[in-house]
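Trainee: Got a predicted model here, sequence first, then my questions.
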Amino acid sequence: MSMRRNGKKRARSETPGSTAHPRNKYSDNPPDFASLASLYPSFKPFVFFSGGSRPRIDWTDYNATRELTRVLLLHDHGLSWWIPDGQLCPTVPNRSNYIHWINDLLSSQIIPSSRGNNKVKGFDIGTGANCIYPLLGASLFGWSFVGSDITDVALEWAEKNVQSNPHVSDLIEIRRSRIIPSEDDVTMVLLGVVKDNETFEFCMCNPPFFETFEEAGLNPKTSCGGTHEEMVCVGGEQAFVTRIIQDSAVLRERFRWYTSMLGKKANLKLLISKLWEVGVTVVKTTEFVQGQTSRWGLAWSFVPPATRKIIAPTPVSKSSLLSFMLEGIKRQYSAADVLLSVEEFFKSCGASSKLNSNTFSVDIVASSEQCNTITNRDDVDSVRSHGSSLQGPQDDLSFRILVFQQMPGTLLIKGSLQHKDSPLSGLFSVVFGSLEESMKSKFCR
Ligand SMILES: C[S@@+](CC[C@H](N)C(=O)[O-])C[C@H]1O[C@@H](n2cnc3c(N)ncnc32)[C@H](O)[C@@H]1O
């Protein structure tokens, strides 16, 4: 990316990072520049074959990054694509991560699907001249899209990119976001652009991240273009995503999932608290790592979570004392790390917690709904679920988790239920099982 965004910087790699989405075709199969150069003569001049090392391109050359995107879209997705000089040039592996995450959200059962006929329709806020998300979503998954933008050049080129691909052109509509005449000429994000009675499975957005073009700055290591309109908006991404949140609070269940990408992790916390304020039912976050840069994904919904039945394959233990061993703990982790992680595991689902570092214990109080969220976690980094109704204390599960050092590399984790005769003791065992699974996958070799 030519603009230095404020994502975490990692060692430069020309290939996607190891934490790319596992179903992203580039996650373990990075673009092969040599083979692309032999297949596409127009790409060849940009590839260096210097002394035995892997062929490279000059990431500071806009023409090289644009040509790479063009040949990848053509070669891997059968898409004809182009953008005029200076327009933001997307990297295909990076943008694919977001599309695959959306696919995960749609297939997860956290909130029920409204789709009777399996047709998925998405909305890409700020599709850009590159129109990358609708093109990828349509070609990978057959989704239909509305892509919106405000600039003439984006609208013109997004439309051109759609029309250059007759096999997906019926699936994609490009729409201009309206500007409301007012003192500060407010541009619509979803309200006023989404038509009456329209419903969508999701919206997505790669917002203008920065408050000023100076803040965007030029990253001397890459060149992917990006005009002022593409990179900058008043208040930066926080203001832009706040607008999406405000619109979502009006449109509510007209979208099954609202999502946005973020360039700054620091913005997640505030935006998540805004989401709870407007009464969302679910919040999910993830981190996208591609090469040297991290981005964050934020998703939320107003759809009531699916009623989850906890079905245990074997009769659920009703013991009020449970334990498991963490063996083969990776060297960098201490018992204190595990204790903190236990607390975070429950807190991230909205449960209240009290950590005591002297006794190496955490006291937890979780509502039955929070317990259900815990037991329905999936592979996404963090899940937060909020009950919209107030729960009485009789619905709460109170328990203590203790961490004991056994020998180097081995910890014993014990859980004890506060009220032994609690009707929720079966639920305690399922919750404790989820904790075991999460801690083992995080800390054990
Ligand atoms: C960072 S670019 C993203 C382009 C493309 N989606 C991508 O990922 O490469 C942000 C886009 O949002 C557009 N934009 C800014 N304000 C908007 C609004 N209120 N409604 C729709 N699009 C907007 C900009 O013109 C720009 O094309």
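Mentor: That came through, no problem.
Trainee: For the ligand, what is the nearest residue in the chain?
Mentor: residue 126 (2.2 Å; C-beta to the nearest ligand atom). From N, CA and C alone the C-beta is placed, and that goes for glycine too.
Trainee: Would you check that residue 428 makes contact with residue 420?
Mentor: No. In this structure, residue 428 is not within contact of residue 420 by C-beta atoms under 8 Å, at 10.3 Å.
Trainee: what is in contact with these two at once?
Mentor: residue 320 (C-beta atoms under 8 Å, 6 or more residues apart in numbering).
Trainee: the more surrounded of these two?
Mentor: Each of residue 428 and residue 420 has its neighbours counted (other C-beta atoms under 10 Å); residue 428 has more, 26 against 11.
Trainee: got the buried residues for the helix or strand harbouring the more buried one?
Mentor: Using DSSP states H and E, residue 428 sits within helix 425-443. Neighbour counts over helix 425-443 (16 or more other C-beta atoms under 10 Å) mark 425-436, 438-440, 443 as buried.
Trainee: quick one: which of these is nearest residue 234?
Mentor: Residue 234 lies nearest to residue 438 out of the buried residues of helix 425-443, by C-beta to C-beta, at 40.4 Å.
Trainee: Next one: residue 63, what pLDDT does it get?
Mentor: Per-residue pLDDT puts residue 63 at 96.
Trainee: next SSE after the host helix or strand of it?
Mentor: Using DSSP H and E, residue 63 sits in helix 62-77. Reading on from helix 62-77 to the C-terminus, the next helix or strand found by DSSP H and E is helix 92-107.
Trainee: buried stuff in that following helix?
Mentor: So for helix 92-107, counting by 16+ other C-beta under 10 Å, buried means 92-106.
Trainee: Between helix 92-107 and the helix or strand that that helix is followed by, find me the angle.
Mentor: Once the chain leaves helix 92-107, the next helix or strand it forms, by DSSP H and E, is strand 121-125. Per axes from the mean of the first three to the mean of the last three C-alpha atoms, to 10 degrees, the angle that strand 121-125 makes with helix 92-107 is 130 degrees.
Trainee: CA atoms only for strand 121-125, dumped as CSV, please.
Mentor: Presented in CSV, the C-alpha positions along strand 121-125 are these (Å, rounded to 0.1, in the frame of the first residue of the first chain):
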residue,chain,number,x,y,z
LYS,A,121,-26.6,-9.8,-1.2
GLY,A,122,-23.9,-7.5,0.2
PHE,A,123,-23.2,-3.8,0.3
ASP,A,124,-19.7,-2.4,-0.2
ILE,A,125,-19.5,1.1,1.3
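Trainee: Direction included, what does it pair up with?
Mentor: According to DSSP bridges, strand 121-125 forms sheet pairs with strand 144-149 (parallel), strand 200-205 (parallel).
Trainee: want to throw those strands into JSON lines with distance to the ligand and mean neighbour count?
Mentor: Shown next, in JSON lines, are these (distance: least, C-beta to the nearest ligand atom, whole Å; neighbours: other C-beta atoms under 10 Å):
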{"stretch": "strand 144-149", "distance to the ligand": "5", "mean neighbour count": "24"}
{"stretch": "strand 200-205", "distance to the ligand": "7", "mean neighbour count": "24"}
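Trainee: ok, the residue of the chain closest to the ligand - contacts?
Mentor: With C-beta under 8 Å, 6+ apart, residue 126 has these contacts: 148, 149, 150, 154, 205, 206, 207, 208, 230.
Trainee: and which of the residues you listed is nearest residue 253?
Mentor: For the contacts of residue 126, the nearest to residue 253 is residue 205 (18.8 Å; C-beta to C-beta).
Trainee: Can you name the residues bridging to the closest residue in space to residue 205 that isn't next to it in sequence?
Mentor: Spatial nearest neighbour of residue 205, chain neighbours left out: residue 125 (3.9 Å); criterion: C-beta to C-beta, 6 or more residues apart in numbering. Bridge pairing for residue 125 (DSSP bridges) gives the partners residue 148, residue 205.
Trainee: okay, now residue 125: neighbour count?
Mentor: By other C-beta under 10 Å, the burial measure for residue 125, its neighbour count, is 27.
Trainee: now the one 4 residues further on
Mentor: Around residue 129 sit 26 other residues, with neighbours defined as other C-beta under 10 Å.
Trainee: what about it, distance to residue 151?
Mentor: Separation of residue 129 from residue 151 (C-beta to C-beta, to the nearest Å) stands at 8 Å.
Trainee: cool, and residue 140?
Mentor: 26 Å.
Trainee: now residue 78
Mentor: 27 Å.
Trainee: Neighbour count: these two, which is higher?
Mentor: residue 151 (19 against 11).
Trainee: That one reaches residue 229, doesn't it?
Mentor: Yes. If you go by C-beta under 8 Å, residue 151 and residue 229 touch, sitting 4.9 Å apart.
Trainee: Could you list the buried residues of the helix or strand residue 413 falls within?
Mentor: For residue 413, the element it lies in under DSSP H and E is strand 410-417. Neighbour counts over strand 410-417 (16+ other C-beta under 10 Å) mark 411, 413, 415, 416, 417 as buried.
Trainee: Stretch 174-191 too?
Mentor: In stretch 174-191, counting by 16+ other C-beta under 10 Å, buried: 174, 175, 177, 187, 188, 189, 190.
Trainee: Reformat these into CSV and put secondary structure next to each item.
Mentor: Output for those, formatted as CSV (DSSP: H, G, I helix; E, B strand; the rest coil):
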residue, secondary structure
174, strand
175, strand
177, coil
187, strand
188, coil
189, coil
190, coil
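Trainee: from those, which has minimum pLDDT?
Mentor: residue 187 (76).
Trainee: what residues are up against the closest residue in space to it that isn't next to it in sequence?
Mentor: Residue nearest to residue 187 in three dimensions, not counting chain neighbours: residue 179, with 5.0 Å by C-beta to C-beta, 6+ apart. Taking C-beta under 8 Å, 6+ apart, we find residue 179 in contact with 150, 185, 186, 187, 188.
Trainee: near the ligand, which of the residues you listed show up?
Mentor: 150, 187 (C-beta under 6 Å from any ligand atom).
Trainee: about what we covered before: switch the strands paired with strand 121-125 over to CSV; also include mean pLDDT.
Mentor: What follows is the strands paired with strand 121-125, written out as CSV (pLDDT from 0 to 100):
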stretch, mean pLDDT
strand 144-149, 97
strand 200-205, 97
